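Q: model this:
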Amino acid sequence: MQHFSFSSVLKRRQIPLVWSARLAHTARAAALLLPICLLFSTTGWAQTSVQLQRLIHEGESALNAGNLSQAESSFSQAIRTDPNDVAGHRGLLLTYLEMGRFSEAIETGQSAVSRWPRDAQIQHWLGLAYFKTGQNASALDALHAAHRLQPSDFDIQFDTALVLLQENDFASAADQLEAALKVKPSDALAHVLLGRAYQNTNRTEQAIDQFKIAIRLNPDVPLGHYHLAFALGSLGRNPEALVEYEKEAVRSAGNPLVLSHYGHALLESGNWNSAIPILKKALELAPEKADAAYDLGKALLLADDASGATVWLKRSAELNPSDPSPHYQLARALEKTGHSEEARAERQRFAELKKAQPQTGGMASGPTQ
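A: Alright, predicted model coming up:
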């Protein structure tokens, strides 16, 4: 079973905060306006409103330009100018998310949601802040609240699916992504993620369909060809899988996950000479990958380089000491290099580990992204 991890999910959103601020003012009850009129003269209130709008506009422009320190300053000043205006709180929350200051984002979001519990954007972004700090249960609570307020919002459904995928709740993630794609069927990445959810719920043919749709929509969608290749390979359709791995290797030459699985597929197809340089590159990028070390050792052994095979098979056994497979291949390599006693010890170790783990076989591992 394959698993997803997520290095980043926050996408920049061009939010019309000025419009939101005007809407928030309009929505206030007249009873709340009366004390304000008593506190400010007509001229004073007008000046405050103009200053607030200027600060919100400055913050929005800075945020969209990537000037996050200026955005933080402008939104903070807007909140001090009018603590009851929701736009400043929204802007500051989003700014903290973009800055990676997730604790402050959570604090800002919690404060804001206590005052505006029916604001879907605040609930949504608070959910993302929780997610980025690994608080997935709280993230789902906030995202579900946002979804109840805006049931047809693509971004809310998409981000909810990300959390569910992280939690390995693939069936629920599939439900969210299916709903999201009814709203925005042209989103290639959503099709990729739906394919991943299908793949992990034993709906591989449907997963393949989703990966193909994603690639038609965007041939360069991140890891689209890789996921298609893995799904095809899981059904034994290795020639087709190799075509897709090769396409992805061109696009993701620096991704050790892609290279290790491409090398594995080449090895399994009998093309170990082509697998060797690809597996070596994968291990240069990620020396800790036990499966790639095992495949490289096996490929070198098939290429009659028993000494080189010994090095990598020992490395694989060190990285994953509970796996019997490297010991079996290592015994063969040691036998070829004349180390009969060591070979006998490795065969014994293989038998012990095999007995302790009778359920082995299939692909060496599922990809972790």
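Q: which regions of the protein sit below the pLDDT cut-off?
A: By pLDDT under 70, the weakly predicted segments of the chain are 1-48, 358-369.
Q: tell me where the longest helix sits in it.
A: In the chain, with assignment by DSSP state H, the single longest helix is helix 42-65.
Q: quick one: the helices in the stretch 201-350 of the chain, in order.
A: Using DSSP state H, counting those that start in this stretch, the helices of the stretch 201-350 of the chain run over 204-217, 224-234, 238-251, 256-268, 272-285, 290-302, 306-319, 325-336, 340-356.
Q: buried ones in the longest helix of the chain?
A: Neighbour counts over helix 42-65 (16 or more other Cβ atoms under 10 Å) mark 49, 52-53, 55-60, 62-63 as buried. In short, each C-beta sits where N, CA and C put it, glycine included.
Q: so which of these comes closest to residue 207?
A: Relative to residue 207, the closest of the buried residues of helix 42-65 is residue 63; by Cβ to Cβ it sits at 36.7 Å.
Q: pretty sure residue 244 contacts residue 229?
A: Yes. Under the criterion of Cβ atoms under 8 Å, residue 244 makes contact with residue 229 at 3.6 Å.
Q: more neighbours: the two, which one.
A: It is residue 229, of residue 244 and residue 229, that has more neighbours when counted by other Cβ atoms under 10 Å, with 28 against 25.
Q: name all residues that make contact with residue 171.
A: Going by Cβ atoms under 8 Å, 6 or more residues apart in numbering, residue 171 touches 197, 201.
Q: so which helix or strand takes in it?
A: Secondary-structure element containing residue 171, defined by DSSP states H and E: helix 170-183.
Q: also compute the angle for that helix relative to helix 204-217, please.
A: Using axes from the mean of the first three to the mean of the last three Cα atoms, to 10 degrees, the inter-axis angle of helix 170-183 relative to helix 204-217 is 40 degrees.
Q: give me the neighbour count for the nearest residue to residue 330 once chain neighbours are set aside.
A: Distances taken as Cβ to Cβ, 6 or more residues apart in numbering place residue 313 nearest to residue 330, at 4.1 Å, with adjacent residues excluded. Residue 313 has 29 neighbours, counted by other Cβ under 10 Å.
Q: touching, residue 313 and residue 329? I think so.
A: Yes. With contact defined as Cβ under 8 Å, residue 313 reaches residue 329; the gap is 5.3 Å.
Q: what's the overlap in contacts for those two?
A: Common contacts of residue 313 and residue 329 (Cβ under 8 Å, 6+ apart): 294, 297-298, 301.
Q: widest-spaced pair of the residues you listed?
A: Maximum pairwise distance in these, criterion Cβ to Cβ, is 10.7 Å, between 294 and 301.
Q: neighbours of residue 178, just the number please.
A: By other Cβ under 10 Å, the residues close to residue 178 number 15.
Q: sorry, that was for residue 131
A: Counted with other Cβ under 10 Å, residues neighbouring residue 131 total 24.
Q: after the helix holding residue 171, which helix or strand is next?
A: Counting by DSSP H and E, the next helix or strand C-terminal to helix 170-183 is helix 188-199.
Q: what residues does that next one touch?
A: Contact with helix 188-199 is made by 2, 4, 158, 161-162, 165, 170-171, 173-174, 177-178, 180-181, 184, 204, 206-211, 213-215, 217-218, 221-224, 227-228, 230-231, 234, as judged by Cβ under 8 Å, 6+ apart.
Q: am I right that residue 118 falls within a strand?
A: No. Applying DSSP: H, G, I helix; E, B strand; the rest coil, one finds residue 118 to be coil, outside a strand.
Q: quick check, it in contact with residue 149.
A: Yes. Residue 118 lies in contact with residue 149 (Cβ under 8 Å); the separation is 6.0 Å.
Q: between those two, which has more neighbouring residues?
A: Taking other Cβ under 10 Å, residue 118 and residue 149 do not tie; residue 149 has more neighbours (17 against 10).
Q: show me what contacts the more buried one?
A: Going by Cβ under 8 Å, 6+ apart, the list of residues near residue 149 reads 118-120, 123.
Q: equivalent analysis for residue 156, please.
A: By Cβ under 8 Å, 6+ apart, the contact set of residue 156 is 120, 124, 143, 146-147, 150.
Q: with respect to residue 356, which of the shared contacts of residue 313 and residue 329 is nearest?
A: Among the shared contacts of residue 313 and residue 329, and counting by Cβ to Cβ, the member closest to residue 356 is residue 294, at 18.1 Å.
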